[in-house]
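In: all I have is the shape, not the residue letters:
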């Protein structure tokens, strides 16, 4: 259902450096960019898959974090969730919830904020059995 998610930033260069390194954990690479305006990443740089982008707001006003807004990025395994979360914090992100099972245990997730304060979630579904 989701085609792409765009996050606002007030420092595009800093944000791009953060996501360039963080998204290597899930093999996402840049597939589209417009110098000084935005950069977008997708798994294996495939534009036919869901993607994540960062941009300076087009209206020229400062970017701000949406209260209650969160982007969830699907991982393959709990180990990948742990690695992604650890990398996010190593790069300067902040903790919003340690990795672990959630709800009825069918989801394994971790929560963090990026350098601009956007809230993200790394998660995977845990197979029954």
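Out: Looks like it came in fine. Note that the coordinates shown come from a computational prediction; the quantities given were computed from them, not determined experimentally.
In: which helix or strand lies directly C-terminal to the lengthiest helix in the chain?
Out: Assignment by DSSP state H gives helix 78-90 as the longest helix of the chain. Later in the chain than helix 78-90, the nearest helix or strand by DSSP states H and E is strand 94-102.
In: low-scoring pLDDT stretches of this protein, where are they?
Out: Low-confidence segments of the chain, defined by pLDDT under 70: 1, 128-129.
In: ok, the closest residue to residue 94 other than its chain neighbours - contacts?
Out: Excluding the flanking residues, the one nearest residue 94 by Cβ to Cβ, 6 or more residues apart in numbering is residue 113, at 4.8 Å. Backbone N, C-alpha and C define where each C-beta goes, glycine included. Residues near residue 113 by Cβ atoms under 8 Å, 6 or more residues apart in numbering: 93, 94, 96, 119, 120.
In: how about the helices in the protein?
Out: 12-22, 78-90.
In: and those as a markdown table, adding distance to residue 44 and mean neighbour count?
Out: Formatted as a markdown table, the helices of the chain follow (distance: least, Cβ to Cβ, whole Å; neighbours: other Cβ atoms under 10 Å):
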| stretch | distance to residue 44 | mean neighbour count |
| --- | --- | --- |
| helix 12-22 | 15 | 18 |
| helix 78-90 | 15 | 18 |
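In: what would these look like in TSV with distance to residue 50?
Out: Shown next, in TSV, are the helices of the chain (distance: least, Cβ to Cβ, whole Å):
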stretch	distance to residue 50
helix 12-22	15
helix 78-90	16
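In: if we can go back for a sec, helices or strands up against the longest helix of the chain?
Out: When contacts are defined as 3 or more Cβ pairs under 8 Å, 6 or more residues apart in numbering; DSSP states H and E, helix 78-90 sits against helix 12-22, strand 94-102, strand 107-113, strand 119-125.
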